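S.K.: A predicted structure for the sequence below; I have some questions about it.
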Amino acid sequence: MMNRRPAARRPTRPLRRILERAAHLADVWRGWYRYGLVLGLTILIGLRDTLREHNLVATDPDPSTLPNLPPCADEDLPAYRTIDGSYNTPGRPTAGMAGMPFGRNVALEVAQPERATLMTPNPRIVSEELMTRHKFQPAETLNLLAATWVQFMVKDWFSHGRGVMEGAHEISVPAADPWRGPRPIKVPRIVPNDPRADKLITFKNETTAWWDASVIYGASQQEQAFLRSHEGGRLRVDDKGLPGFSGTSSPVNEPGFWAGLGSMGALFCLEHNAVAGAIAAANPRWTDEAVFQHSRLVISALIAKIHTVEWTPAILARKVTEKALDINWYGIAGKRLRNSVGRISRNEVVSGILGGRIDDFGVNFSLTEEFSMVYRMHPLIPDVYTIRHWDDSQPAQPSELRLDEITGSQGWTFLQGVDMADLLYSFGTSHPGRITLNNFPQALQEFHRPDGLVTDLAATDILRTRELGVPRYNEFRRQLHLRPAKDFADLTTDPDLENRLRRIYDDDIEMVDTIVGMFAETPPEGFGFSDTAFRIFVLMASRRLNSDRFFTRDFTPEVYSKIGYRWVMENGFTDVLLRHYPELTGALAGAKNPFAPWPNGK
């Protein structure tokens, strides 16, 4: 099958092509992260341009299957974000909306779901021998808020749905395996879209692909209406920020809900109401709807900013990446100039993506299967949590909780009783796990879903990657213009781990799963994950901003309101935390990044 490319792509200028080639050679020769700041940034720009040219692959559905959305002139586009994500890109009303297929970052001919090799090697054996956490390995440059934040983002960006049990995958369990759940392990099957005549198989993203904070605003008009107070543009929450849920809309019914995810949702529900109060006070004649929708724009943009210039630099803690991400938002002109005088150039490198021109690089915006795969970061989650009081750092009662005690309905009950400042303090002063082999939380290897299914999430991560057509590790690296591993010794310097990898993969380096290969890599100094995974971040981090009119052309005081625009430009995660929990001021004093360990945690 030929790689489907868009019919019209901007021609690559000769100078840019030279830069791309030089960046590739410099990266292959030494690794981009071994150069100084200026040269490292130049190489990253070249690598990003190469990835934009070759690794944004269209999976557009047959036009006859698309929703019947009428074309809309630019001046008639909706003034706010739609609930289903439609009309976010001028001229492409269905791009990024809920129900559209995931895109790809690899050629379609290598992006086929595995069938004959789906269980090779057995995902449970990979989980038990290569993933099981025997001793907690902390990520000492991060705090636990970094782990809660990434799940908060993932819930906003993509969902393959719960899958179906009809024709469920069955993972056999060896007789000597300590697995205590039902045998075989049943994993719901993800239902693909109907394949087209060219045999392109895709899977739907059940949520919107845009950065629209749907995680707190809901995924339907009915759900959003229930969450709103319908007064002053506010959300309906208690004094902790916890929304009122009932029936199927309750988050405890969704696999993956736990106290960390709930704490982030509550924090930003409170922040929404603070924004709504400020906008309503400045615009006393505005309706509830106008205040709510402007506040939703502000919260979505503030979350995107926090992820871009705070969370990502925390997990990719190098000067080069910190500067590169800062340039994405502010440009090389910098934060101070941008906040004082605005854009000084149309060029995104000079003045940043924010407020610039819309650009989807010739491919309808979507998130990709490869992007969803690199965000499978379960090792960040500890098995045991220590809760301490914010004022004296003394243990609360009970001071230690297992992960399974703060998930699902127990997690919701815990959130209703805990002092939220204590919880945030405890997370800010504790470490998540390192993203590496043999550091997967054991509680998630025997995970009890709200629907009663018992599963192994480590084995499921392996199975899903194969099922969704993400190539195995070596082919994945080839697709990202990286050298493949020649031998298992290229993956690790640990002889025991090398021997286990050889045995499990039957001495075939080409069969190593992508997640396993990435977890085995030694990442660049300061990085929380592998250089291979980083290539997807280089490509997709800017694309999510470039393609969204509310971060580009429509990021203006006129669209956001004057006070909403300033709120985005002037606030960060520390401001959000301290606005609602000022008692944390002492613990956060002097913190350069709120996702790094808080300096004054005792």
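M.R.: Yes, it's here.
S.K.: going forward, measure contacts and count neighbours with C-alpha atoms only.
M.R.: Will do.
S.K.: which stretches in the chain count as strands?
M.R.: 164-171, 185-189, 384-388, 395-402, 447-448, 454-455 (DSSP state E).
S.K.: check those for me: which has the lowest mean pLDDT.
M.R.: Ranked by mean pLDDT, the strands of the chain bottom out at strand 395-402, with a mean of 87.
S.K.: okay, the strands of the chain in TSV with mean neighbour count and distance to residue 239 next?
M.R.: Below are the strands of the chain laid out as TSV (neighbours: other Cα atoms under 10 Å; distance: least, Cα to Cα, whole Å):
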stretch	mean neighbour count	distance to residue 239
strand 164-171	14	38
strand 185-189	20	38
strand 384-388	20	21
strand 395-402	13	21
strand 447-448	20	30
strand 454-455	22	35
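S.K.: any idea which of those gets closest to residue 268?
M.R.: For residue 268, the closest of these is strand 384-388, at 21.5 Å, according to Cα to Cα.
S.K.: what pairs with the closest one, parallel or antiparallel?
M.R.: Each strand that strand 384-388 pairs with, and the sense of that pairing, follows from DSSP bridges: strand 395-402 (antiparallel).
S.K.: starting at the chain centroid, how far to the partner strand?
M.R.: Average the C-alpha atoms of strand 395-402, do the same for its chain, and the two points are 29 Å apart (Cα atoms, centre = their mean, to the nearest Å).
S.K.: and for that strand, what's in contact with it?
M.R.: Taking contacts as Cα atoms under 8 Å, 6 or more residues apart in numbering, the residues outside strand 395-402 that touch it are 383, 384, 385, 386, 387, 388, 389.
S.K.: per-residue pLDDT, the residue most central in space within the chain?
M.R.: Using Cα atoms, centre = their mean, the residue of the chain that lies closest to the mean C-alpha position is residue 154, 4.3 Å off. Per-residue confidence (pLDDT) for residue 154: 95.
S.K.: begin at 23 from now on, thanks
M.R.: Okay, using 23 as the starting number, the last item reads as residue 176.
S.K.: what backbone torsions are found at the nearest residue to it once chain neighbours are set aside?
M.R.: Nearest residue to residue 176 in three dimensions, chain neighbours excluded: residue 397, at 7.5 Å (Cα to Cα, 6 or more residues apart in numbering). Comment: the main-chain dihedrals of residue 397 come out as phi -90, psi 10, following degrees, to the nearest 10.
S.K.: for residue 112, see how far away residue 397 is.
M.R.: Using Cα to Cα, to the nearest Å, we find residue 397 at a distance of 29 Å from residue 112.
S.K.: quick one: which of those two has more around it?
M.R.: A count of neighbours by other Cα atoms under 10 Å puts residue 112 above the other of residue 397 and residue 112, at 18 against 14.
S.K.: that one reaches residue 93, doesn't it?
M.R.: No. Look at residue 112 against residue 93 with Cα atoms under 8 Å: they stay out of range, at 9.1 Å.
S.K.: overlap in contacts of those two?
M.R.: Shared between the contact lists of residue 112 and residue 93 (criterion: Cα under 8 Å, 6+ apart) there are no residues.
S.K.: rewinding a little: residue 462: which of the contacts of strand 417-424 is nearest?
M.R.: Minimum distance to residue 462 across these is 9.0 Å, recorded for residue 405 (Cα to Cα).
S.K.: just the helices in the stretch 423-572 of the chain please.
M.R.: Taking DSSP state H, counting those that start in this stretch, the helices of the stretch 423-572 of the chain run over residues 430-439, 442-450, 464-467, 479-489, 495-501, 517-526, 536-542, 553-568.
S.K.: which one, of these, ends up nearest to residue 391?
M.R.: Nearest to residue 391 among the helices of the stretch 423-572 of the chain is helix 479-489; the distance by Cα to Cα comes to 8.5 Å.
S.K.: contacting residues around the closest one?
M.R.: Contacting residues not belonging to helix 479-489 are listed as 135-137, 140-141, 145-146, 148-149, 153, 209, 395, 398, 462, 466-469, 493-494, 535-537 [Cα under 8 Å, 6+ apart].
S.K.: please check those and keep the buried ones.
M.R.: Burial of the contacts of helix 479-489 was assessed by neighbour count (16 or more other Cα atoms under 10 Å); the buried members are 135-136, 140-141, 145-146, 148-149, 153, 209, 395, 398, 462, 466-469, 493-494, 535-537.
S.K.: can you list contacts of the helix with the most length in the chain?
M.R.: Ordering each helix of the chain by length in residues (DSSP state H) puts helix 281-304 first. For helix 281-304, the surrounding residues in contact (Cα under 8 Å, 6+ apart) are 167, 170-171, 173-174, 237-238, 254-257, 259, 262-265, 308, 313-314, 316-318, 320-321, 428-429, 433-434, 436-437, 442, 446, 583, 585-586, 589, 598-599, 602.
S.K.: in CSV, list the C-alpha atoms belonging to the lowest-mean-pLDDT helix or strand in the chain.
M.R.: Counting by mean pLDDT, DSSP states H and E, the weakest-scoring helix or strand in the chain turns out to be helix 357-363, with a mean of 80. What follows is helix 357-363, C-alpha atoms only, in CSV (Å, rounded to 0.1, in the frame of the first residue of the first chain):
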residue,chain,number,x,y,z
LYS,A,357,8.2,36.3,27.5
ARG,A,358,8.8,39.8,28.7
LEU,A,359,8.6,41.4,25.2
ARG,A,360,5.6,39.3,24.2
ASN,A,361,3.7,40.2,27.3
SER,A,362,4.5,43.9,27.0
VAL,A,363,4.1,44.6,23.3
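S.K.: buried set for that helix?
M.R.: Neighbour-count burial for helix 357-363 flags 357, 360 (criterion: 16+ other Cα under 10 Å).
S.K.: next one: stretch 334-344
M.R.: Counting neighbours by 16+ other Cα under 10 Å, the buried set in stretch 334-344 is 334, 335, 336, 337, 338, 339, 340, 342, 343, 344.
S.K.: and that stretch, how far apart are its ends?
M.R.: For stretch 334-344, by Cα to Cα, the gap between its terminal residues amounts to 8 Å.
S.K.: mean confidence score for that stretch?
M.R.: Stretch 334-344 carries an average pLDDT of 95.
S.K.: can you tell me what sits against that stretch?
M.R.: Identification of contacts with stretch 334-344 by Cα under 8 Å, 6+ apart yields 55, 58-60, 62-63, 163-164, 168, 331, 347, 547-551, 615, 617-618.
S.K.: about what we covered before: give me the contacts around the least confident helix or strand of the chain.
M.R.: The list of residues contacting helix 357-363 from outside it, by Cα under 8 Å, 6+ apart, reads 352, 366, 373, 591, 592.
S.K.: which one of those has the most neighbours?
M.R.: Ranked by the number of neighbours (other Cα under 10 Å), the contacts of helix 357-363 place residue 352 first, at 28 neighbours.
S.K.: how near is that one to residue 378?
M.R.: Plainly put, residue 352 is 11 Å away from residue 378 if you go by Cα to Cα.
S.K.: same check on residue 308?
M.R.: The value you get for residue 308 to residue 378, if Cα to Cα is used, is 28 Å.
S.K.: quick one: end-to-end length of stretch 511-521, please.
M.R.: 9 Å.
S.K.: got a pLDDT number for residue 26?
M.R.: At residue 26 the predicted local confidence, pLDDT, stands at 41.
S.K.: hang on, the earlier thing: among the helices of the stretch 423-572 of the chain, which is nearest residue 41?
M.R.: Closest to residue 41 of the helices of the stretch 423-572 of the chain is helix 553-568 (Cα to Cα; 16.2 Å).
S.K.: against which helices or strands is the closest one packed?
M.R.: Other helices and strands packing on helix 553-568, by 3 or more Cα pairs under 8 Å, 6 or more residues apart in numbering; DSSP states H and E, are helix 59-76, helix 391-396.
S.K.: redo those as a markdown table? Include mean pLDDT and distance to residue 455.
M.R.: Output for the helices and strands packed on helix 553-568, formatted as a markdown table (pLDDT from 0 to 100; distance: least, Cα to Cα, whole Å):
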| stretch | mean pLDDT | distance to residue 455 |
| --- | --- | --- |
| helix 59-76 | 93 | 28 |
| helix 391-396 | 97 | 16 |
